[in-house]
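Visitor: what's the 3D shape of this:
(chains A and B)
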2 protein chains.
Amino acid sequence: MKTYLDCFPCILRQSLEATRLSTADKEKQKKVLGRVMEYLIKSDSQLTPPHIACYVYDMVRKITGYSDPYYSIKKKYNRIALNMYPKLKNIIRNSNEPLLTAVRLAIAGNIIDFGVGNRFNLKNTLKKTLSQKFAVCRYSFFKEKLKKTKVLLYLGDNSGEIVFDKILIEEILKRYKLKIYYAVKSGPIINDATLDDANEVKMKDVAEVITTGSSAPGTILSLCSKEFKNIYDKAQLIISKGQGNYETLDTETGKNIFFLLKVKCALVAGHLRVKLGDIVFK
Amino acid sequence: MKTYLDCFPCILRQSLEATRLSTADKEKQKKVLGRVMEYLIKSDSQLTPPHIACYVYDMVRKITGYSDPYYSIKKKYNRIALNMYPKLKNIIRNSNEPLLTAVRLAIAGNIIDFGVGNRFNLKNTLKKTLSQKFAVCRYSFFKEKLKKTKVLLYLGDNSGEIVFDKILIEEILKRYKLKIYYAVKSGPIINDATLDDANEVKMKDVAEVITTGSSAPGTILSLCSKEFKNIYDKAQLIISKGQGNYETLDTETGKNIFFLLKVKCALVAGHLRVKLGDIVFK
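Guide: Numbers count the residues shown, from 1 in each chain, chains lettered A, B, ... in the order given. Here you go, the predicted structure:
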């Protein structure tokens, strides 16, 4: 997905939020916004929004000298989600269709996204998502594909959400015999999950944890490592979580990519021909 | 109120909306955003947001060649509000405290604001505002001041809303003997009311209609005409509608200004120490 003019105010808002988490120095905050605007004026609109975000968060980092503004937010949401883990497992245990319920939970977890804003209610979203109608649901096709899959690549999105992903992986492994790779970002960006988060939630108990080789808040193949691309190439099925991965992989053809997300941006909604707030399994 | 860094993304969003209403030419849209960002980088943060908006909407005008992007929106909301007029008069007729109900209606009409966004529901706001608790309410003080007022200056805000203002003025005139001036903007900006709108709703039947002498979406005294300032000076009481007038007159001392508004921006809310969505009569 290319970057639209509507993305400019949103990117500016995001960079201000990240900067404020990094420094209270108003001069530095103003400097970041100035640099971001200078960059946006000249930016290539063919780049995806996560690609633009790479440059922007890099400016925040360089000007504030702080590399991980969402550090404590990431820890907080890992903790919250880990505390919810027994309750979530219970929901699945009591479900008539445990795998689909796990898919729903994984989508609910996708609300923990500090890129699109910081106002969300995890508990309400969870409750709603368990009964919400899918705008797009390719669940039967997904199960069919799983049967034939030997290698599955799961592209993670945010910290906290990673606990919900782990639960979905556990449900997949109960039913299918396959190798699962779980990919996180190689460095901190927004509240995207990194190796630190994967360790915190013990993801390695269910999957081989790898990094994309890039800290882009999505999967920009041209920025990914050779090791990642090898696994990407050999995977017969890819689960892509969240908007960032959708925005960067929507044009990929010839791969079995299932996009699992909660739609939190009007442009992504338009692109998917669904509504804001919809849940998608495509 | 000075312009905060949070205003930058909002101003950018506003300029994109106004530009899109003016032209479908994507190159021109991009050019406007570029110019607006160039301006914001160098802008003086001591200026109020409506002052910044003057420059920004001027850029939209110059680049698109279109001076009144909200023209049909303004006509539409005048029509909607005029159609509501008999019903609104009925609400007042059935009220135990007609003047306060008229104040409430005037605040409800303040939701018709295309500066802060374009998603609002006039009917729901109306219903809610009739029973909503005021965050600040200086109604008794207002009535006291009205008794001693010979000249009242009413600073209008938006088209459509102007019909609600007229109803409040009618209720004031039923109870107090005074001269009322109703001020509109001298040229089009966002959906702010101009002479055209005042004529459309026949404001001159209840007040002497004047312009501020400026098209700023607020009352920036340094940009207003001498004629306006004379009336401003001689008025014993001023009713200031909406956020734009609040943002530009909040630092005025020594004048009896009653601010009547619905709070639609988090920064204004913080400034007033109230919550987003609150209604204020201060």
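Visitor: what sits against the residue lying closest to A:Thr129 once chain neighbours are set aside?
Guide: Leaving aside its chain neighbours, A:Thr129 sits nearest to A:Ala108 (3.8 Å; criterion: C-beta to C-beta, 6 or more residues apart in numbering or on different chains). Backbone N, C-alpha and C define where each C-beta goes, glycine included. With contact set as C-beta atoms under 8 Å, 6 or more residues apart in numbering or on different chains, A:Ala108 has these partners: A:122, A:125-126, A:128-130, A:164, A:262.
Visitor: which of those are buried? Put it as a PyMOL command.
Guide: For the buried members of the contacts of A:Ala108, the matching PyMOL selection, counting by 16 or more other C-beta atoms under 10 Å in any protein chain shown, is:
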select buried, chain A and resi 122+125+126+128+129+164+262
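Visitor: just the contacts of A:Ala108: which are in helices?
Guide: A:122, A:125-126, A:128-130, A:164 (DSSP state H).
Visitor: where does pLDDT dip in chain A?
Guide: For chain A, no stretch has pLDDT under 70.
Visitor: A:Leu12 is in contact with B:Ile11, isn't it?
Guide: No. With contacts counted by C-beta atoms under 8 Å, A:Leu12 stays clear of B:Ile11, the gap being 9.5 Å.
Visitor: just to revisit the earlier point, closest to A:Lys28 among the contacts of A:Ala108?
Guide: A:Leu122 (31.4 Å; C-beta to C-beta).
Visitor: now whichever residue of the stretch 101-250 of chain A sits closest to chain B: which helix or strand?
Guide: Ranked by C-beta to the nearest C-beta, the top residue of the stretch 101-250 of chain A for proximity to chain B is A:Arg119, at 10.5 Å. For A:Arg119, there is no host helix or strand (DSSP states H and E).
Visitor: list the contacts of A:Asn83.
Guide: Counting by C-beta under 8 Å, 6+ apart, A:Asn83 has no contacts.
Visitor: before we move on, the earlier item: greatest separation within the contacts of A:Ala108: which pair is it?
Guide: Pairwise distances across the contacts of A:Ala108 (C-beta to C-beta) peak at 14.5 Å, for the pair A:Lys128 and A:Phe164.
Visitor: bridged to the residue nearest to A:Asn256 when sequence neighbours are not counted, which residues?
Guide: Distance criterion C-beta to C-beta, 6+ apart; nearest residue to A:Asn256, sequence neighbours excluded, is A:Leu237 at 4.8 Å. With DSSP bridges applied, A:Leu237 shows beta-bridge pairing to A:Leu152.
Visitor: tell me the contacts of A:Leu237?
Guide: A:145-146, A:149, A:151-153, A:256, A:258.
Visitor: pull the most distant pair out of the residues you listed.
Guide: A:Val151 and A:Phe258 (14.4 Å).
Visitor: more neighbours, the two?
Guide: Higher neighbour count among A:Val151 and A:Phe258: A:Phe258, with 21 against 15, using other C-beta atoms under 10 Å in any protein chain shown.
Visitor: roughly how far apart are the more buried one and A:Lys226?
Guide: 25 Å (C-beta to C-beta, to the nearest Å).
Visitor: next: A:Pro188.
Guide: 22 Å.
Visitor: just checking, what packs against the stretch of helix or strand A:Ile167 belongs to?
Guide: Here A:Ile167, judged by DSSP H and E, is contained in helix A:161-175. Contact analysis of helix A:161-175 by 3 or more C-beta pairs under 8 Å, 6 or more residues apart in numbering or on different chains; DSSP states H and E lists helix A:71-93, helix A:98-109, strand A:151-155, strand A:179-184, strand A:237-241 as its packing neighbours.
Visitor: flag every buried residue along stretch A:178-194.
Guide: A:178, A:180-194.
Visitor: quick check, stretch A:263-273 touching chain B?
Guide: No. Stretch A:263-273 is not in contact with chain B by C-beta under 8 Å from any C-beta of the partner chain; minimum separation 10.6 Å.
Visitor: which residues sit against that stretch?
Guide: A:1, A:4, A:6-7, A:10, A:111, A:113, A:116-117, A:135-136, A:243, A:246-247, A:250, A:274-280, A:282.
Visitor: do the same with stretch A:22-31
Guide: A:16, A:19-20, A:60-61, A:63-66, A:69, B:5, B:45.
Visitor: and the nearest residue to A:Thr248 once chain neighbours are set aside, how far from A:Val201?
Guide: Nearest non-adjacent residue to A:Thr248, counting by C-beta to C-beta, 6+ apart: A:Gly218, 3.6 Å away. According to C-beta to C-beta, A:Gly218 stands 21 Å off from A:Val201.
Visitor: with neighbour numbers in mind, choose between those two.
Guide: The neighbour comparison of A:Gly218 against A:Val201 (other C-beta under 10 Å) goes to A:Gly218, with 28 against 21.
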